[in-house]
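Any chance you can model this:
(one chain, ligands or ions: 1)
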Amino acid sequence: MDLSPDEYARHAHRLSDWIATYLRDVDQYDVLPSVKPGAIRAQLPKSPPAAAESLDDILADLDRVILPGATHWNHPGFLAYFANTASVPGILGEMVTAALNLNAMLWRTSPVATELEQVTTDWLRQLFGMGDGWFGMITDTASISTMYALAAARERDPALGIRQRGMAGRGDLPRLRIYCSEHAHSSVDKAAMTLGLGLENVVHVASDGDFRLNPDMLARAIQADRALGYRPMAVVATAGTTSMTSVDPINDIATICQRESLWLHVDGAYGGSAMAVPEMRALFAGLDRADSLVVNPHKWLFTPMDCSVLFTRQPKVLRRAFSLVPEYLVTPEGDDALNYMDYGLQLGRRFRALKLWMVIRAFGADGIAERIRHHCALARTFADWVRAAGNGWSVAAPVPFSTVCFRHVPEGETDEAEIASHNAAIMARVNASGDVFISHTKLGDQYVLRVAIGNLRTTAQTLERAWTLLRAAAS
Ligand SMILES: *Cc1c(COP(=O)(O)O)cnc(C)c1O
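Below is the predicted model of the structure:
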């Protein structure tokens with residue numbers, strides 16, 4: 001038997017207080033834990049307990065083992081990668097998702113899980129100012145969403161017969177080609193590996209001076225491939241690249257895709273959330289001409305890990321790529337009901353729509369826009385400080401969203417390797433403070449530092465602290 005509901009209530013009250021204290025005091029922890037690899041495992045028994053342990057003992061280990069080994073993503077000073085937030089409505093949603101344990105594989109296996117997913121993804125579409133005609137589905141990550149989109153792109157021409165006959169051992173199949181910018185996320189390459197397209201069939205097209213895919217180079221790459229007898233299949237445009245958050249010119253790319261009959265997938269895993277801000281939608285012009293789009297609410301829409309939304313205007317093609325119904329999953333609703341299992345690889349699916357629905361309701365469209373606007377304003381302020389500082393400091397890329405790439409070059413230094421190790425040392429010193437956590441990337445051959453604002457607790461004071469630490473570390 002399970003533990004009793006009374007026992008649940010007793011521990012849940014305590015745990016609820018523990019979470020509230022954690023959220024209140026999260027800035028008291030070092031963002032990055034000071035543990036060496038293996039140290040956490042060494043503290044834990046090598047084998048599972050033979051006898052039952054009390055929840056009191058287990059929960060005591062949250063303070064003893066779990067928190068000291070955590071990198072605190074909910075810390076205001078978390079400025080690395082893409083900072084995110086497990087917001088209060090999102091945390092509450094996760095609790096209920098675990099308790100209900102619904103499975104959103106078929107409509108029948110929980111009507112509300114399926115229909116709330118339809119409603120919530122359509123709310124998100126409207127929140128983003130997108131047109132009608134988009135089908136939305138929640139997955140775990142952008143990597144999976146993009147892989148699904150490219151699986152659909154591969155299925156678009158059924159004459160290739162890949163669903164039935166596969167790709168291996170076939171002399172009749174041309175090389176299928178995918179195009180993206182040199183700054184596209186590695187998930188595009190991984191999808192090509194997974195789908196049997198092959199890494200060398202991902203064409204990384206050169207970008208312009210602002211790190212955006214160059215449409216003329218794209219058109220030329222497609223032409224060159226056709227001349228070789230290859231089959232161009234899809235283009236992935238990125239709206240908010242992972243390194244420097246540049247936005248590819250979606251409308252120009254859509255024109256090429258239309259002319260060439262290519263699937264256009266837009267990767268807005270991080271940047272897409274900015275469409276919640278009406279005055280930022282111009283960056284995404286042409287989006288309604290795309291075939292698919294991914295946005296991650298678990299990045300910049302205050303929803304706890306994991307929650308990615310895949311939109312497509314071609315749900316029938318996506319369904320053709322994935323639908324396979326064994327007898328034991330046939331249900332009497334037929335075409336009256338949507339069965340999400342038909343649109344992806346997974347059968348069992350978590351009830352992720354609940355937390356997203358709660359986040360959207362608890363903040364409202366205006367509240368979400370205001371929060372994202374504020375993050376962008378904080379980033380511009382930080383960039384202004386860097387620009388105004390002189391003394392070897394510079395901003396290394398435009399700042400369209402809430403992420404700033406910048407670096408420090410010691411006076412007279414021109415050797416890129418020296419500049420890189422100097423900036424790596426700055427980053428190490430800043431991160432050792434425990435107050436903030438920043439990361440780095442490379443823009444071409446330039447090593448740069450990155451500050452990404454995406455946590456709801458981050459304030460101007462957090463950034464002032466980061467800036468003070470950075471300047472001290474550089475001198
Ligand atoms: C973070 C990111 C991804 C990968 O997201 P996951 O959900 O972790 O798979 C893909 N594309 C872009 C542009 C990203 O920034």
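
Report the distance from stretch 252-264 to the chain centre.
24 Å (CA atoms, centre = their mean, to the nearest Å).

Stretch 50-66 too?
Computed by CA atoms, centre = their mean, the chain-centroid distance of stretch 50-66 equals 32 Å.

Next: stretch 359-378.
18 Å.

per-residue pLDDT, the residue located most distally from the centre of the chain?
In the chain, residue 51 marks the outermost C-alpha relative to the chain mean, sitting 40.4 Å out by CA atoms, centre = their mean. Predicted confidence (pLDDT) for residue 51: 98.

Could you report the distance from it to the ligand?
Distance of residue 51 to the ligand, given as CB to the nearest ligand atom, to the nearest Å: 39 Å. Using the backbone N, CA and C atoms, a C-beta is placed for each residue, glycine as well.

give me the element that residue is part of.
Residue 51 belongs to no helix or strand when assigned by DSSP states H and E.

In the record's domain split, what are the boundaries for this protein?
Using automatic domain parsing, the domains assigned to the chain come out as 103-350, 361-474.

Would you mind finding the most buried of those domains?
Mean neighbour count (mean count of other CB atoms under 10 Å) peaks for domain 103-350 among those, with a mean of 19.

For residue 447, give me its contacts.
407, 416, 419-420, 423-424, 440 (CB atoms under 8 Å, 6 or more residues apart in numbering).

contacting residues for the residue of the stretch 301-450 of the chain found nearest the ligand?
Closest contact between the stretch 301-450 of the chain and the ligand, by CB to the nearest ligand atom, is at residue 308 (5.2 Å). Contacts for residue 308 (CB under 8 Å, 6+ apart) come out as 138-142, 144-145, 269, 294-298.

Would you format the residues you listed as JSON lines with pLDDT, secondary structure and distance to the ligand included?
Listed next are those as JSON lines, based on pLDDT from 0 to 100; DSSP: H, G, I helix; E, B strand; the rest coil; distance: CB to the nearest ligand atom, whole Å:
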{"residue": "138", "pLDDT": "98", "secondary structure": "strand", "distance to the ligand": "12"}
{"residue": "139", "pLDDT": "98", "secondary structure": "strand", "distance to the ligand": "9"}
{"residue": "140", "pLDDT": "98", "secondary structure": "coil", "distance to the ligand": "7"}
{"residue": "141", "pLDDT": "98", "secondary structure": "coil", "distance to the ligand": "3"}
{"residue": "142", "pLDDT": "98", "secondary structure": "helix", "distance to the ligand": "3"}
{"residue": "144", "pLDDT": "98", "secondary structure": "helix", "distance to the ligand": "7"}
{"residue": "145", "pLDDT": "98", "secondary structure": "helix", "distance to the ligand": "8"}
{"residue": "269", "pLDDT": "98", "secondary structure": "coil", "distance to the ligand": "4"}
{"residue": "294", "pLDDT": "98", "secondary structure": "strand", "distance to the ligand": "7"}
{"residue": "295", "pLDDT": "98", "secondary structure": "strand", "distance to the ligand": "10"}
{"residue": "296", "pLDDT": "98", "secondary structure": "coil", "distance to the ligand": "5"}
{"residue": "297", "pLDDT": "98", "secondary structure": "helix", "distance to the ligand": "10"}
{"residue": "298", "pLDDT": "98", "secondary structure": "helix", "distance to the ligand": "7"}
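
how near is residue 257 to the ligand?
From residue 257 over to the ligand (counting by CB to the nearest ligand atom), the distance is 19 Å.

Find the nearest non-adjacent residue to that residue, please.
residue 264 (4.2 Å; CB to CB, 6 or more residues apart in numbering).

my guess is the one you found meets residue 252, correct?
No - if you go by CB atoms under 8 Å, residue 264 and residue 252 don't touch, sitting 11.1 Å apart.

need the residues of the stretch 51-200 of the chain near the ligand, please.
Proximity of the stretch 51-200 of the chain to the ligand, by CB under 6 Å from any ligand atom, involves residues 82, 141-143, 185, 187.

Go again with 5 Å.
141-143, 185, 187 (CB under 5 Å from any ligand atom).

neighbours of residue 38, just the number please.
Using other CB atoms under 10 Å, the number of residues around residue 38 comes to 8.

show me the contacts for it.
No residues are in contact with residue 38 under the rule CB under 8 Å, 6+ apart.

From the ligand, how far off is it?
25 Å.

Do you know the pLDDT at that residue?
With respect to pLDDT, residue 38 has a value of 96.
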